[in-house]
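K.L.:
Dropping a prediction and its sequence here:
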Amino acid sequence: MNTSNSVAETDTNLQPSSTLPAALAALDDFLVIRPQAVARILRQLADQKDTLDISFGRRGGRIVTRVLAVNESEGTFFYAYGDSDDENAQLQASGENLFSCTEAGAFIQFVCGQPEAQTYEGVPAFKSTFPESLYRMQRRQHVRVTTPTANPYVCTVTLPNQKRISFDVVDLSLSGVRLRSTNASIGELSVDMVLTGATFDYQDMGTMETDLKITFIHSSQNFNNPIYNFGCRFLDLPKTQEEDLQRLITVLSERQHPA
């Protein structure tokens, strides 16, 4: 299997990406901007103890957490530390952080700025200001699960110039996948571009091959150390592969939410 991207040292200089509004433009039909609605969704995440994936930093930092509490009057929310002290430190220093999760069958995504290190009920936690907006997609195909973080699944694709390159798989749904890379050579990929012959290595859960279409790009850009998140849609996925993918999603969901 191809080697995946590793997490690097704390990023103390990351600035919010000026390309973010354009990168999220494809999701405008699902935009939630009313503060009361944002607060309600965050409270639902806290009540349901839903898993929350946070991507950050120049070299692909990532933690899995959950919302602990929401303070609507202050416009802030608390969320738990991740398992890694190093990645917690990176997140605390990061100025732009991409949150993703699934709640009641809807895929939710939003961006927050640099968090504060706090405690909540005596436990170390992060505190962030509400996002100005978030995206909520209520469709069966958008039920997503996060993939393993310690030993990520890998997707290898063919670029338009015929070069083969590998990405870490961040999360999966029946309709698509989110990929991450720190390889600067892919910086010119664009929304609606087709990536052919994508092969997925799901480790003990097998492999899959399909074409992908880029639907979303989020670039936390530093000229020397870029990080790219790509949302991609599966193209012409055969029924048998869709059934295999559903089984994989079910297994991952059961591992994350054991009975």
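P.N.:
That came through, no problem.
K.L.:
Flag every buried residue along stretch 154-173.
P.N.:
154-158, 165-173 (16 or more other CB atoms under 10 Å). Where C-beta positions appear, they are placed from N, C-alpha and C, glycine not excepted.
K.L.:
Please, where are all the strands along the stretch 151-259 of the chain?
P.N.:
Here the stretch 151-259 of the chain has its strands, by DSSP state E, counting those that start in this stretch, at 154-158, 164-172, 176-181, 194-201, 207-220, 227-235.
K.L.:
Which other helices and strands does the last one contact?
P.N.:
The reference is to strand 227-235. With contacts taken as 3 or more CB pairs under 8 Å, 6 or more residues apart in numbering; DSSP states H and E, strand 227-235 sits against strand 176-181, strand 194-201, strand 207-220.
K.L.:
Kindly recompute the last result at 7 Å.
P.N.:
For strand 227-235, the elements it packs on are strand 176-181, strand 207-220, judged by 3 or more CB pairs under 7 Å, 6 or more residues apart in numbering; DSSP states H and E.
K.L.:
Using TSV, please lay out these together with mean pLDDT, distance to residue 76 and mean neighbour count.
P.N.:
Listed next are these as TSV, based on pLDDT from 0 to 100; distance: least, CB to CB, whole Å; neighbours: other CB atoms under 10 Å:
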stretch	mean pLDDT	distance to residue 76	mean neighbour count
strand 176-181	90	26	24
strand 207-220	86	23	19
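K.L.:
These: which one's closest to residue 71?
P.N.:
Closest of the helices and strands packed on strand 227-235 to residue 71 is strand 207-220, at 27.0 Å (criterion: CB to CB).
K.L.:
The closest one - which strands sit beside it in the sheet, and in what orientation?
P.N.:
strand 194-201 (antiparallel), strand 227-235 (antiparallel) (DSSP bridges).
K.L.:
and this structure, what are its domains?
P.N.:
Following automatic domain parsing, the chain resolves into domains at 20-142, 147-256.
K.L.:
burial of the closest residue in space to residue 49 that isn't next to it in sequence, as a residue count?
P.N.:
Among residues not flanking residue 49 along the chain, residue 66 sits closest, at 5.5 Å (CB to CB, 6 or more residues apart in numbering). Applying other CB atoms under 10 Å, we find 14 residues neighbouring residue 66.
K.L.:
same check, this time on residue 118
P.N.:
Neighbour number of residue 118 under other CB under 10 Å is 14.
K.L.:
Can you get me the centre-to-centre distance for the helix or strand harbouring it and its chain?
P.N.:
In this assignment (DSSP states H and E), residue 118 forms part of strand 116-120. Chain-centre distance of strand 116-120: 23 Å, with CA atoms, centre = their mean, to the nearest Å.
K.L.:
Equivalent analysis for stretch 113-124, please.
P.N.:
With CA atoms, centre = their mean as the basis, stretch 113-124 stands 21 Å off its chain's centre.
K.L.:
Confirm residue 89 sits in a strand?
P.N.:
No: Residue 89 is assigned helix when assessed by DSSP: H, G, I helix; E, B strand; the rest coil, not a strand.
K.L.:
What is the nearest of the buried residues of stretch 154-173 to residue 230?
P.N.:
Distance to residue 230, by CB to CB, is smallest for residue 167 among the buried residues of stretch 154-173, at 7.1 Å.
K.L.:
bridging residues for the closest residue to that closest one other than its chain neighbours?
P.N.:
Using CB to CB, 6+ apart and skipping residues adjacent in sequence, the residue nearest residue 167 is residue 179, 3.8 Å away. Beta bridges link residue 179 to residue 169, residue 230, judged by DSSP bridges.
K.L.:
Could you number the chain from 35 rather than 1 from now on?
P.N.:
Yes, from this point I'll number from 35; that puts the last item at residue 213.
K.L.:
residues in contact with residue 213?
P.N.:
189, 201-204, 264, 266 (CB atoms under 7 Å, 6 or more residues apart in numbering).
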